[in-house]
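[1] model this:
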Amino acid sequence: MNIDRTFLSTLAVVAASLLLGGLTSWAQGVLPDALESFANSPSGWTVPMALLVAAARPSLTWGAALGVASFVSLVLGYTIASEVRGLTYNPVFWSVVGVIAGPFLGAAAAAVVGRNTVHAALGAGALAGVLVADGIYGLTVVSDSTSPVYWSLCLVAGAVLVGVTAVRLGTLAAAARVVASAVAATGVLTLGYAMLNAVY
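    Residues are numbered from 1 along each chain as shown. Sure thing, here's the model as predicted:
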């Protein structure tokens, strides 16, 4: 990747992430009840991060770095906007999550738009797993306090991503990889949610 293009794409991803993170804080007060969970869920930051990284069309390695930069910038943008609104928010936990999960999610986003069909299948499955796990969590763990609409949309979006990727890649092997990686990612993240709930 050209150095100038790398710098500009990184700057664009970070700037857009800061803005979108700030908008997430603002959106918590204006989104309708059916969609308000978007502004308060892991998928609410994963989706824009993945779209921004994919738009830069980086290599897997650079996608991993952009994943961290984007996720942490989303958290910082949210923190800044919250402070401006007079709210106190500690960004440490989700920044750590961004540093740990960002490389995997960023590489997955880069893989989806890359030319390697195996990588694309695995990347799409991983991102779909985030959506599906979030949907399952929302419909089971926090169903009493949130609307089921957003969580159901997460499930639908995850299934659509799996289906579209499988069709685009065009082979049974690719379809199997997408499904298998989505199931694996869903399982790992669902277990992670359960462990967090046990701690908190």
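
[2] OK, contacts around the residue nearest to residue 82 when sequence neighbours are not counted?
    Counting by CB to CB, 6 or more residues apart in numbering, the nearest residue to residue 82 once its immediate chain neighbours are dropped is residue 89, at 4.2 Å. The C-beta positions use only the backbone N, C-alpha and C, and glycine is treated the same way. Applying CB atoms under 8 Å, 6 or more residues apart in numbering, one finds that residue 89 lies in contact with 25, 78, 79, 82, 83.

[3] cutoff 10 Å now
    Contacts for residue 89 (CB atoms under 10 Å, 6 or more residues apart in numbering) come out as 25, 75, 78, 79, 80, 81, 82, 83.

[4] What subset of these is buried?
    Among these, those buried by neighbour count (16 or more other CB atoms under 10 Å) are 25, 75, 78, 79, 80, 81, 82.

[5] Distance of residue 87 relative to residue 31?
    In this structure, residue 87 and residue 31 are separated by 16 Å, where distance is defined by CB to CB, to the nearest Å.

[6] Could you do residue 20 as well?
    Distance of residue 20 to residue 31, given as CB to CB: 14 Å.

[7] between these two, who's got more neighbours?
    When residue 20 and residue 31 are compared for neighbours, residue 20 comes out ahead with 22 against 16, by other CB atoms under 10 Å.

[8] which SSE is the more buried one in?
    Residue 20 is part of helix 3-27 when elements are defined by DSSP states H and E.

[9] can I have the helix or strand following that helix written out in CSV, keeping just the CAs?
    Note on helix 3-27: by DSSP H and E, the next helix or strand toward the C-terminus is helix 42-56. As requested, C-alpha coordinates have been extracted for helix 42-56 and formatted as CSV (Å, rounded to 0.1, in the frame of the first residue of the first chain):
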residue,chain,number,x,y,z
PRO,A,42,-20.8,-4.0,21.0
SER,A,43,-22.3,-4.3,17.5
GLY,A,44,-23.1,-0.6,17.6
TRP,A,45,-19.4,0.1,17.4
THR,A,46,-18.3,-3.1,15.5
VAL,A,47,-20.5,-2.3,12.5
PRO,A,48,-19.2,1.2,11.8
MET,A,49,-15.6,0.1,12.5
ALA,A,50,-15.9,-2.8,10.0
LEU,A,51,-17.5,-0.5,7.4
LEU,A,52,-14.8,2.1,7.8
VAL,A,53,-11.9,-0.4,7.6
ALA,A,54,-13.5,-2.2,4.6
ALA,A,55,-13.8,1.2,2.8
ALA,A,56,-10.1,1.7,3.2
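
[10] chain center to helix 42-56, what's the gap?
    In terms of CA atoms, centre = their mean, to the nearest Å, the centre of helix 42-56 is found 5 Å from the chain centre.

[11] Report all helices and strands that the helix or strand that that helix is followed by contacts.
    As assigned by DSSP H and E, the chain's next helix or strand after helix 42-56 is helix 60-84. If you count contacts as 3 or more CB pairs under 10 Å, 6 or more residues apart in numbering; DSSP states H and E, helix 60-84 packs onto helix 3-27, helix 42-56, helix 92-112, helix 117-140.
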